[in-house]
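J.: I'd like to go over a predicted model; first the sequence, then the structure.
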Amino acid sequence: MRGRPAAFSPLAPLPTTLPRLFTYGPAAKQVADLAVRRGITYVNHTFTSHLCLSASLQPFAGREAHETCEYPVEATPLAVGLTRTRIERDAAGRVTPPAGPGLGLDVDLATVRKYLVETEIRVGGRLLYRTLEV
């Protein structure tokens with residue numbers, strides 16, 4: 001993120017909004033940029049973990065006019081344990097994206113190991129994917 005991160009409010013009014021999108025990365029950034037050009041409010045879509053929340057905020061971080069976001073209120077044990085740090089709401093109910101490297105949250109590798117399922121994907125006997133060691 002460049003510059004000062006904007007704060008977002010899960011309670012802000014929804015004027016004209018784009019449909020919720022479950023994407024992260026370049027595609028979500030393109031949608032956020034398109035929303036700005038068209039004067040439409042971009043709203044992230046996440047209700048799982050703070051790691052997903054951080055990823056879903058990145059495409060519109062720093063855009064003061066885009067202040068509405070979904071926030072994971074009732075998280076599962078996996079979602080809660082996945083990170084050691086959280087994106088907390090302030091007294092006004094607003095959140096600020098973390099400014100640290102990557103998604104700005106400290107991943108708890110013990111939790112990742114607890115839920116990790118060893119997986120291999122083979123096609124025609126050729127190994128395409130194997131779970132990495134954590």
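T.: Perfect, thanks for sending it. All values derive from a computational prediction rather than experimental measurement. Numbering: from 1, shown residues only.

J.: residue ranges for the helices of this protein, please.
T.: Here the chain has its helices, by DSSP state H, at 26-38, 50-57, 77-81, 109-115.

J.: packing partners for the last one?
T.: Translated: helix 109-115. Applying 3 or more C-beta pairs under 8 Å, 6 or more residues apart in numbering; DSSP states H and E, we find helix 109-115 packed against helix 77-81. C-beta: built from backbone N, CA, C; applies to glycine.

J.: just the shortest one next, same as before
T.: Using 3+ C-beta pairs under 8 Å, 6+ apart as the contact test, the elements touching helix 77-81 are helix 109-115.

J.: List the buried residues for the helix it packs on?
T.: T111 (16 or more other C-beta atoms under 10 Å).

J.: Any stretches of this structure with poor pLDDT?
T.: Residue ranges of the chain with pLDDT under 70: 1-24.

J.: which residues in it form strands?
T.: 120-123, 126-130 (DSSP state E).

J.: Would you mind reformatting these (as JSON lines) and adding columns for mean neighbour count while you're at it?
T.: Below are these laid out as JSON lines (neighbours: other C-beta atoms under 10 Å):
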{"stretch": "strand 120-123", "mean neighbour count": "9"}
{"stretch": "strand 126-130", "mean neighbour count": "9"}
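
J.: quick one: which of those strands is nearest A65?
T.: Closest to A65 of those is strand 126-130 (C-beta to C-beta; 40.7 Å).

J.: That closest one: partners in the sheet, and parallel or antiparallel?
T.: Note on strand 126-130: by DSSP bridges, its sheet partners are strand 120-123 (antiparallel).

J.: Output the strand it pairs with as PDB, restricted to C-alpha atoms.
T.: Output of strand 120-123 as PDB, limited to C-alpha atoms (Å, rounded to 0.1, in the frame of the first residue of the first chain):
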ATOM      1  CA  GLU A 120      -1.000 -34.500  -4.100                       C
ATOM      2  CA  ILE A 121      -2.500 -33.800  -7.500                       C
ATOM      3  CA  ARG A 122      -1.500 -36.100 -10.300                       C
ATOM      4  CA  VAL A 123      -2.600 -36.100 -13.900                       C
END
